[in-house]
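Asks: sharing a model that was predicted from the sequence below.
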Amino acid sequence: MKGQTILEQIRNLSNDAKRDLSYETLSELIYQLSSDEIIELSNIIGYPVFTRLCMGNLKHKFVLLQDGAAAIILNKKGQILLQARSDNGKWGLPGGCQELGERFEDTIIREVKEETNLDIKEADLNLVAIVSGKSRRNEYPNGDVVINNTVLYCIEHYFGELKWDNESIKMEFFDLDKLPEKQHDSDLIEIYKQFVSNKSN
(Lines give C-alpha, C1' and ligand atoms only; values in the text may rest on other atoms or scores of the structure.)
Protein backbone atom coordinates (compact mmCIF):
# COMPACT_ATOMS: atom_id res chain seq x y z
CA MET A 1 0.00 0.00 0.00
CA LYS A 2 1.36 3.44 -0.90
CA GLY A 3 2.34 5.69 1.99
CA GLN A 4 0.01 8.53 1.05
CA THR A 5 -2.90 6.07 0.73
CA ILE A 6 -2.21 4.85 4.28
CA LEU A 7 -2.05 8.42 5.59
CA GLU A 8 -5.31 9.33 3.88
CA GLN A 9 -7.05 6.31 5.43
CA ILE A 10 -5.85 7.29 8.92
CA ARG A 11 -6.77 10.92 8.32
CA ASN A 12 -10.36 9.87 7.57
CA LEU A 13 -10.76 7.98 10.86
CA SER A 14 -12.59 9.55 13.77
CA ASN A 15 -10.46 10.72 16.71
CA ASP A 16 -11.71 7.77 18.77
CA ALA A 17 -10.78 5.31 16.01
CA LYS A 18 -7.29 6.82 15.79
CA ARG A 19 -6.84 6.39 19.55
CA ASP A 20 -8.05 2.78 19.32
CA LEU A 21 -5.52 1.64 16.70
CA SER A 22 -3.82 -1.50 17.96
CA TYR A 23 -0.06 -1.71 18.38
CA GLU A 24 0.04 -4.49 15.79
CA THR A 25 -1.91 -2.48 13.20
CA LEU A 26 0.20 0.62 13.78
CA SER A 27 3.44 -1.37 13.54
CA GLU A 28 2.36 -2.88 10.24
CA LEU A 29 1.54 0.57 8.85
CA ILE A 30 4.74 2.23 10.09
CA TYR A 31 6.96 -0.34 8.37
CA GLN A 32 5.42 0.74 5.05
CA LEU A 33 6.17 4.45 5.58
CA SER A 34 9.21 6.64 5.06
CA SER A 35 10.51 8.75 7.97
CA ASP A 36 8.78 11.85 6.55
CA GLU A 37 5.52 9.91 6.26
CA ILE A 38 5.91 8.67 9.86
CA ILE A 39 6.21 12.30 10.99
CA GLU A 40 3.06 13.10 9.02
CA LEU A 41 1.27 10.10 10.56
CA SER A 42 2.28 11.29 14.03
CA ASN A 43 0.85 14.73 13.32
CA ILE A 44 -2.40 13.25 11.95
CA ILE A 45 -2.94 11.17 15.10
CA GLY A 46 -1.41 13.73 17.47
CA TYR A 47 2.10 13.26 18.82
CA PRO A 48 1.29 12.24 22.43
CA VAL A 49 -1.37 9.73 21.34
CA PHE A 50 0.90 8.41 18.58
CA THR A 51 3.76 7.94 21.06
CA ARG A 52 1.52 6.07 23.50
CA LEU A 53 0.20 3.79 20.73
CA CYS A 54 3.79 2.91 19.78
CA MET A 55 4.40 1.67 23.35
CA GLY A 56 1.93 -1.19 23.12
CA ASN A 57 0.96 -2.54 26.56
CA LEU A 58 3.14 0.03 28.33
CA LYS A 59 1.28 3.04 26.91
CA HIS A 60 -0.42 4.06 30.19
CA LYS A 61 2.55 3.08 32.39
CA PHE A 62 5.37 4.97 30.70
CA VAL A 63 5.87 8.53 32.02
CA LEU A 64 5.98 10.70 28.92
CA LEU A 65 8.03 13.89 28.50
CA GLN A 66 6.05 16.35 26.40
CA ASP A 67 6.95 19.71 24.87
CA GLY A 68 4.20 22.25 24.37
CA ALA A 69 2.97 25.79 24.75
CA ALA A 70 0.35 27.61 26.81
CA ALA A 71 -1.24 31.04 26.51
CA ILE A 72 -2.17 33.78 28.93
CA ILE A 73 -4.88 35.47 26.86
CA LEU A 74 -5.88 38.87 28.24
CA ASN A 75 -9.03 40.85 27.57
CA LYS A 76 -9.17 44.65 27.73
CA LYS A 77 -9.82 44.50 31.49
CA GLY A 78 -6.59 42.57 32.05
CA GLN A 79 -8.48 39.39 32.93
CA ILE A 80 -7.08 36.02 31.83
CA LEU A 81 -8.94 33.39 29.84
CA LEU A 82 -9.30 29.97 31.49
CA GLN A 83 -10.96 26.83 30.20
CA ALA A 84 -12.81 24.32 32.35
CA ARG A 85 -11.26 21.11 31.03
CA SER A 86 -13.57 18.24 30.11
CA ASP A 87 -11.04 15.56 31.17
CA ASN A 88 -10.62 16.59 34.82
CA GLY A 89 -12.96 19.54 35.41
CA LYS A 90 -10.09 21.83 36.42
CA TRP A 91 -9.52 25.32 35.05
CA GLY A 92 -6.48 25.61 32.79
CA LEU A 93 -4.86 27.76 30.15
CA PRO A 94 -5.39 27.24 26.43
CA GLY A 95 -2.49 25.34 24.94
CA GLY A 96 -1.22 21.92 24.07
CA CYS A 97 1.53 19.69 22.80
CA GLN A 98 3.99 20.41 20.05
CA GLU A 99 3.74 18.26 16.94
CA LEU A 100 6.82 16.82 15.24
CA GLY A 101 8.63 19.48 13.21
CA GLU A 102 6.49 22.30 14.62
CA ARG A 103 7.86 25.54 16.06
CA PHE A 104 6.51 26.60 19.47
CA GLU A 105 5.06 29.74 17.85
CA ASP A 106 3.09 27.54 15.47
CA THR A 107 2.04 25.27 18.33
CA ILE A 108 0.40 28.04 20.34
CA ILE A 109 -1.23 29.67 17.32
CA ARG A 110 -2.71 26.29 16.32
CA GLU A 111 -3.78 25.29 19.83
CA VAL A 112 -5.43 28.65 20.56
CA LYS A 113 -7.38 28.40 17.31
CA GLU A 114 -8.44 24.80 18.00
CA GLU A 115 -9.45 25.39 21.62
CA THR A 116 -10.85 28.94 21.57
CA ASN A 117 -11.53 29.76 17.89
CA LEU A 118 -9.44 32.92 18.33
CA ASP A 119 -6.90 33.96 15.72
CA ILE A 120 -3.55 35.35 16.76
CA LYS A 121 -0.51 36.56 14.85
CA GLU A 122 3.02 35.51 15.62
CA ALA A 123 4.01 39.17 16.05
CA ASP A 124 1.56 39.39 18.98
CA LEU A 125 3.16 36.54 20.97
CA ASN A 126 5.02 37.78 24.05
CA LEU A 127 7.29 35.19 25.65
CA VAL A 128 6.77 35.00 29.42
CA ALA A 129 8.92 31.98 30.35
CA ILE A 130 10.01 28.47 29.48
CA VAL A 131 8.72 26.32 32.32
CA SER A 132 9.97 22.85 33.21
CA GLY A 133 10.47 20.67 36.26
CA LYS A 134 8.31 18.86 38.79
CA SER A 135 5.55 21.49 38.81
CA ARG A 136 4.79 20.44 35.22
CA ARG A 137 3.81 16.88 36.21
CA ASN A 138 0.23 16.01 35.30
CA GLU A 139 -1.86 12.89 35.79
CA TYR A 140 -4.96 12.12 33.75
CA PRO A 141 -8.05 9.99 34.45
CA ASN A 142 -6.96 7.31 31.92
CA GLY A 143 -3.79 6.67 33.95
CA ASP A 144 -1.38 8.68 31.79
CA VAL A 145 1.36 10.56 33.63
CA VAL A 146 3.26 13.27 31.76
CA ILE A 147 5.88 15.87 32.57
CA ASN A 148 5.62 18.91 30.35
CA ASN A 149 8.18 21.42 29.15
CA THR A 150 6.01 24.44 28.45
CA VAL A 151 6.66 27.65 26.57
CA LEU A 152 4.38 30.25 28.14
CA TYR A 153 3.17 33.18 26.05
CA CYS A 154 1.10 36.26 26.85
CA ILE A 155 -1.35 37.41 24.18
CA GLU A 156 -3.20 40.72 24.30
CA HIS A 157 -4.16 41.11 20.64
CA TYR A 158 -6.41 38.57 18.95
CA PHE A 159 -9.55 38.47 16.84
CA GLY A 160 -12.49 36.17 16.23
CA GLU A 161 -15.46 34.90 18.24
CA LEU A 162 -14.68 32.91 21.37
CA LYS A 163 -15.90 29.32 21.01
CA TRP A 164 -14.61 26.08 22.48
CA ASP A 165 -14.27 22.50 21.36
CA ASN A 166 -14.95 19.26 23.24
CA GLU A 167 -11.74 19.63 25.29
CA SER A 168 -13.52 22.31 27.37
CA ILE A 169 -16.78 22.48 29.29
CA LYS A 170 -16.73 26.28 29.21
CA MET A 171 -14.39 29.28 29.09
CA GLU A 172 -14.35 32.46 31.15
CA PHE A 173 -12.16 35.48 31.78
CA PHE A 174 -11.06 35.91 35.41
CA ASP A 175 -9.38 38.63 37.46
CA LEU A 176 -5.94 37.50 38.62
CA ASP A 177 -7.00 37.94 42.25
CA LYS A 178 -10.31 36.05 41.76
CA LEU A 179 -9.26 32.82 40.10
CA PRO A 180 -11.24 29.56 40.52
CA GLU A 181 -9.96 27.10 43.12
CA LYS A 182 -9.57 23.98 40.99
CA GLN A 183 -6.68 24.93 38.71
CA HIS A 184 -4.76 22.81 36.22
CA ASP A 185 -1.98 25.32 35.50
CA SER A 186 -1.49 27.15 38.81
CA ASP A 187 2.31 27.06 38.40
CA LEU A 188 2.12 28.83 35.03
CA ILE A 189 -0.24 31.46 36.39
CA GLU A 190 2.06 32.16 39.33
CA ILE A 191 4.96 32.60 36.91
CA TYR A 192 2.84 35.03 34.90
CA LYS A 193 1.98 36.99 38.08
CA GLN A 194 5.69 37.28 38.85
CA PHE A 195 6.33 38.36 35.27
CA VAL A 196 3.77 41.16 35.63
CA SER A 197 5.22 42.19 39.00
CA ASN A 198 8.74 42.37 37.56
CA LYS A 199 7.56 44.51 34.66
CA SER A 200 5.90 47.00 36.97
CA ASN A 201 8.98 47.42 39.19
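Replies: Here it is on my side, so go on. For clarity, every value in this text was computed on a predicted model and none was experimentally measured.

Asks: avg pLDDT for the helix ranked longest in the chain?
Replies: Ranked by residue count, the top helix of the chain under DSSP state H comes out as helix 186-200. Mean pLDDT, helix 186-200: 90.

Asks: pull out the buried positions in it.
Replies: 187-189, 191-192, 195 (16 or more other C-beta atoms under 10 Å). (Each C-beta comes from the backbone N, C-alpha and C, glycine too.)

Asks: which other helices and strands contact it?
Replies: The elements that helix 186-200 packs onto, with contact taken as 3 or more C-beta pairs under 8 Å, 6 or more residues apart in numbering; DSSP states H and E, are strand 64-73, strand 125-131, strand 145-155.

Asks: any chance of JSON lines for these, columns mean neighbour count and mean pLDDT?
Replies: As requested, the helices and strands packed on helix 186-200 are arranged in JSON lines below (neighbours: other C-beta atoms under 10 Å; pLDDT from 0 to 100):
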{"stretch": "strand 64-73", "mean neighbour count": "22", "mean pLDDT": "96"}
{"stretch": "strand 125-131", "mean neighbour count": "16", "mean pLDDT": "97"}
{"stretch": "strand 145-155", "mean neighbour count": "20", "mean pLDDT": "96"}
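
Asks: what's the burial count for L41?
Replies: Other residues near L41 come to 20 when the count uses other C-beta atoms under 10 Å.

Asks: same question, the one 5 residues further on
Replies: Using other C-beta under 10 Å, G46 has 17 other residues around it.

Asks: format the buried residues of helix 186-200 as TSV; extra columns: distance to I109.
Replies: Compiled in TSV, the buried residues of helix 186-200 are given as follows (distance: C-beta to C-beta, whole Å):
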residue	distance to I109
D187	23
L188	18
I189	21
I191	21
Y192	19
F195	20
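
Asks: which strand residues bridge the residue lying closest to E156 once chain neighbours are set aside?
Replies: Nearest non-adjacent residue to E156, counting by C-beta to C-beta, 6 or more residues apart in numbering: L74, 5.0 Å away. Beta-bridge partners for L74, by DSSP bridges, are I80.

Asks: from L7, how far out is L74?
Replies: Distance of L74 to L7, computed by C-beta to C-beta, to the nearest Å: 39 Å.

Asks: quick check, Q66 in contact with N149.
Replies: Yes: contact criterion C-beta atoms under 8 Å: Q66 and N149 qualify, at 7.2 Å.

Asks: report the secondary structure state of P48.
Replies: Of the three states, P48 takes helix under DSSP: H, G, I helix; E, B strand; the rest coil.

Asks: around it, how many other residues sit close by?
Replies: Neighbour count of P48, defined by other C-beta under 10 Å: 18.

Asks: contact partners of stretch 115-122?
Replies: 73, 81, 83, 94-96, 105, 108-109, 112-113, 155, 157-165, 167-168, 171 (C-beta atoms under 8 Å, 6 or more residues apart in numbering).
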